[in-house]
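Asks: just a sequence and a predicted model for now, questions to come.
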Protein chains: 2
Amino acid sequence: MQSDTRPHLVIVGGGFAGLWTARALARAPVRITLLDRCNHHLFQPLLYQVATAGLSAPDIAAPLRHILRKQANATVLLGEAVDIDKAGRRVLLARGEPISYDMLLLATGAGHSYFGNDNWAEHAPGLKTLDDAFAIRRQILTAFERAEAEPDPVLRAAWLTFVIVGGGPTGVELAGTLAEIARHTLRREFRRIDPGQSRVILAEAGPRILTSFPESLSEAARRQLAGLGVEVLTGKAISAIDAEGVLLGEQRLAARTVLWAAGVAASPLGRTLGVPLDRAGRVPVQADLSVAGHPEIFVAGDLATVMQGDRPVPGVAPAAKQMGKHVARCVRARLAGRSTRKFRYADYGNLATIGRMAAIVDVRGLRISGVVAWWFWLAAHVFFLIGFRNRLVVLINWGWSYWTYQRNARIIVGGKHEPPHAGPATPAGN
Amino acid sequence: MQSDTRPHLVIVGGGFAGLWTARALARAPVRITLLDRCNHHLFQPLLYQVATAGLSAPDIAAPLRHILRKQANATVLLGEAVDIDKAGRRVLLARGEPISYDMLLLATGAGHSYFGNDNWAEHAPGLKTLDDAFAIRRQILTAFERAEAEPDPVLRAAWLTFVIVGGGPTGVELAGTLAEIARHTLRREFRRIDPGQSRVILAEAGPRILTSFPESLSEAARRQLAGLGVEVLTGKAISAIDAEGVLLGEQRLAARTVLWAAGVAASPLGRTLGVPLDRAGRVPVQADLSVAGHPEIFVAGDLATVMQGDRPVPGVAPAAKQMGKHVARCVRARLAGRSTRKFRYADYGNLATIGRMAAIVDVRGLRISGVVAWWFWLAAHVFFLIGFRNRLVVLINWGWSYWTYQRNARIIVGGKHEPPHAGPATPAGN
């Protein structure tokens, strides 16, 4: 068998940055191995829809090897990287032999930070992966079920109280959608409780929500949330979280469902590079996205931090994609013996949805809110979904959902009950 | 508040039998509580499609309280019944106060039997619930991933060997679909393995597969399976199952994926009635489906066993629905002081699908196999799905799938990897 003399690029992470690097190098004289511990690429901006039972997993995720099936120079491997041997140029895996590389891209993203209170994680799940989305969905739907079966009015109220921590886009999206579920979707389906009496509380420690948007749009969003029945509490930080509720400043809130949408912590893989990291664990990179002293190693996406003028490039999907394409250009430059260029982030603006027919959009000075913004948001998200079938199915699901207020993925699976046969409970997933 | 003087019918189990009883009593002068430990009704005939990544959970399941939302006399509760107090006329729950009843329907169905070898359950999961389907799907997709990453050819072959135990409709459907996945869907997506080299083995202890069909159709199905590349091994029983494979008669088969589709065991709730049960744990009922000595207690669906002429009514979905409707008629009769009638099962025939464009149909003497049978099978299943949106989405998913050989729900979630933050792994579900 002829040996493959092409340089080997290993990409760790199949999110927006890693996947866009791989695709942009389809015709380059390089061999690519894309490693991820998930088999699928996830369209994270719509993850809150899975968490609130509006969409199901296959609508927003696609298997990586399916996406890259026609790209002959790309191999997809399911596996977990645990360390980088920079001297030996190898990626060490949790299982199996290390993978040698000539060039390396780390694009493993970021997860949640509980600001040092890691014990909060058990009671306040975050939303970064499909597993997270399923757990949250199960928790939300079960809360209404528990309320229906609960004779004690105090406990019932606690089951019908939902606290979302963090006033960024994810928190706002979760809060708005949860309020819609309670006030519209589930309204007629219960006999003993009125889901419309739920409390949905959005807690933000800072002075306003959506700080990445101009103040006028933050205010528009706040009004839209209030119109949906969400209580927006700003200026106080969460000081404690347990199984029964939260302590918000001095105020105790009895809530059986607490969702975490505050605080970012970069993937621990960044530490393996042996360079100083920023406060959130992100890897500072050079202007061309390579690591100082290691021109063969690149970092892109949420794991990287790079300045654009006087501000850091935000950790959003379009930025990750652009970084991915830029790394691909750098790889081609290295292969051709040329020098690499600086990364330039093209800021296409900022969008956040609040709920049915409500959103805010801040694009190059154009600021809109309300229904028009929502159509803009919908178009942008559907356009960027991968795959024609996904777009069609998502449009049908959403069309149905927004026409009827129904939500199409309200299935509770997993959890603690035993199946009929005398065997171990099987963990679920879809 | 006025007290409700209507008699209280408690239905345990929201499958075909329980749900059809509830719906048929929408206008009856009775108060209904439908209790299930799942929040959803499951269209079990298509469960194998979720297990083989062709459909996702919401396509074949719908929340019970959503289905019954417009039925004012019905309340849905999420909970688990653990015992029946026949003297006190109460259903005892795992959590919460007992529920008193005037009339009771037990319709909790059946699960798997491992013929006394309960330790096999860990290595050979069965397919009865959505949790089962997700676990199987994860196992199947991961097997191909493990094979791709495995350097040892012997281990690789074990990862690419799949054994399905049991030659009834479920086993045949799983085997046929698995073979299609390996030979078509995944064919181009791997670089180191050829999924087409997988072995899919269907093991049946009896002399032929599909014993509920006439011999000619069993033979047609066997040929269709062979055409898909499935090895059908009959006449030998599985004598051992462990993490590495199975012992089939004297033959050792190294297989990392073993699926169980043999043996039925009725829900343990049948034992709480204190009547002698049949060999599989089913409750023998009188001609009107009530329990001997307890005219206020009915049993329907897979949990019941009742004779039709000289043969027992089969444990299939149409039989469960008919029993459900019959119990509703009996309830109305009791409310009106009339006597109840015998249950008459209308046998609409038998269908099983083998794979893409292949099925067998045995309806009232009409015996067809092949593509025509498959269209018949598709029409019948889609027609019986609950909900227009489900039918539309399933048709689209299937249309796409059968046109392109793609499978639309190939997402692996759950399993053992840790999320980025320092919190416990969350169990998944969708």
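Replies: Noted; the coordinates are in hand.
Asks: what about stretch A:246-263, start to end distance?
Replies: End-to-end distance of stretch A:246-263: 17 Å, with CA to CA, to the nearest Å as the criterion.
Asks: mean confidence (pLDDT) on it, please.
Replies: Stretch A:246-263 carries an average pLDDT of 94.
Asks: show me how the record splits chain A into domains.
Replies: Following automatic domain parsing, one gets these domains for chain A: A:8-37+A:79-112+A:264-335, A:118-262.
Asks: let me have the ones you listed in JSON lines, extended by distance to B:Ala179 and mean neighbour count.
Replies: Where C-beta positions appear, they are placed from N, C-alpha and C, glycine not excepted. Listed next are the domains of chain A as JSON lines, based on distance: least, CB to CB, whole Å; neighbours: other CB atoms under 10 Å in any protein chain shown:
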{"stretch": "domain A:8-37+A:79-112+A:264-335", "distance to B:Ala179": "27", "mean neighbour count": "20"}
{"stretch": "domain A:118-262", "distance to B:Ala179": "28", "mean neighbour count": "20"}
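Asks: tabulate those in JSON lines, adding columns for distance to B:Glu148.
Replies: Formatted as JSON lines, the domains of chain A follow (distance: least, CB to CB, whole Å):
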{"stretch": "domain A:8-37+A:79-112+A:264-335", "distance to B:Glu148": "10"}
{"stretch": "domain A:118-262", "distance to B:Glu148": "21"}
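Asks: for B:Ala300, find the nearest of those domains.
Replies: Closest to B:Ala300 of the domains of chain A is domain A:118-262 (CB to CB; 23.7 Å).
Asks: circling back to that earlier point, output the domains of chain A in a markdown table; the columns should cover distance to chain B.
Replies: Below are the domains of chain A laid out as a markdown table (distance: least, CB to the nearest CB, whole Å):
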| stretch | distance to chain B |
| --- | --- |
| domain A:8-37+A:79-112+A:264-335 | 3 |
| domain A:118-262 | 3 |
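Asks: closest one to B:Asp118 among the ones you listed?
Replies: Using CB to CB, the nearest of those to B:Asp118 is domain A:118-262, at 27.4 Å.
Asks: start and end of that closest one, how far apart?
Replies: Using CA to CA, one end of domain A:118-262 lies 13 Å from the other.
Asks: return the distance of stretch A:245-256 from the chain's centre.
Replies: Centre-to-centre, stretch A:245-256 and its host chain are 26 Å apart (CA atoms, centre = their mean, to the nearest Å).
Asks: would you mind measuring the gap between the ends of it?
Replies: Terminal residues of stretch A:245-256 are spaced 6 Å apart (CA to CA).
Asks: which residues sit against that stretch?
Replies: A:124, A:143, A:146, A:154, A:157-159, A:161-163, A:165, A:199, A:201, A:203, A:233, A:236-241, A:243-244, A:258 (CB atoms under 8 Å, 6 or more residues apart in numbering or on different chains).
Asks: which residues of chain A fall in helices?
Replies: A:16-24, A:47-51, A:57-60, A:64-67, A:130-149, A:153-159, A:169-180, A:215-228, A:317-335, A:371-384, A:388-404 (DSSP state H).
Asks: is the fourth one anywhere near chain B?
Replies: Put plainly, it is helix A:64-67. Yes - counting by CB under 8 Å from any CB of the partner chain, chain B has neighbours in helix A:64-67: A:65-66.
Asks: for that helix, the averaged confidence score.
Replies: On average, helix A:64-67 scores 91.
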